[in-house]
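S.K.: I would like to see how this sequence folds:
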Amino acid sequence: MRKCGLAIAVKNARPEVKSEAHWITTHAAETRRRDAVEYILKAQGKWKKIVEAYISEKAGNGASNLALGISCLNFCNRRVP
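M.R.: Numbers count the residues shown, from 1 in each chain. From the prediction side, this is the model:
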């Protein structure tokens, strides 16, 4: 956690882990990835655009923004050695 750029702990993490985190999720472990992706995309100012792209996807709009959101989610789901 000390070596990464953004240390995130889940809501039900041990106090020692939480004390090292830059941000603590609002949910327990089951939604941690979604919480982290949402937090990062909002901090980057991309959240609203990606949500709009997701909603309008069936209308054929915003495919590239949706792909960006999926890429961010895939990045957060990968395992770090």
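S.K.: Output the strand or helix carrying Ser19 as PDB, nothing but the C-alphas.
M.R.: Using DSSP states H and E, Ser19 maps to helix 15-20. Below are the C-alpha coordinates for helix 15-20, written out as PDB (Å, rounded to 0.1, in the frame of the first residue of the first chain):
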ATOM      1  CA  PRO A  15      -7.700  -0.600  11.400                       C
ATOM      2  CA  GLU A  16      -4.000  -0.900  10.500                       C
ATOM      3  CA  VAL A  17      -4.800  -1.200   6.800                       C
ATOM      4  CA  LYS A  18      -7.300   1.700   7.000                       C
ATOM      5  CA  SER A  19      -4.700   3.900   8.600                       C
ATOM      6  CA  GLU A  20      -2.400   3.500   5.500                       C
END
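S.K.: List the buried residues for it?
M.R.: Buried residues in helix 15-20, counted by 16 or more other CB atoms under 10 Å: none are found. (Each C-beta comes from the backbone N, C-alpha and C, glycine too.)
S.K.: packing partners for that helix?
M.R.: With contacts taken as 3 or more CB pairs under 8 Å, 6 or more residues apart in numbering; DSSP states H and E, helix 15-20 sits against strand 8-9.
S.K.: same thing but 6 Å
M.R.: Judged by 3 or more CB pairs under 6 Å, 6 or more residues apart in numbering; DSSP states H and E, helix 15-20 has no packing partners among the helices and strands.
S.K.: Spatially, what comes nearest to Arg32 if we skip its sequence neighbours?
M.R.: Spatial nearest neighbour of Arg32, chain neighbours left out: Val10 (4.8 Å); criterion: CB to CB, 6 or more residues apart in numbering.
S.K.: quick one, phi psi at the one you found?
M.R.: Main-chain torsions, Val10, degrees, to the nearest 10: phi -80, psi 160.
S.K.: What separation is there between His22 and Val51?
M.R.: His22 is 24 Å from Val51, where distance means CB to CB, to the nearest Å.
S.K.: The two: which has the busier surroundings?
M.R.: Neighbour totals were compared for His22 and Val51, and Val51 leads with 16 against 12 (other CB atoms under 10 Å).
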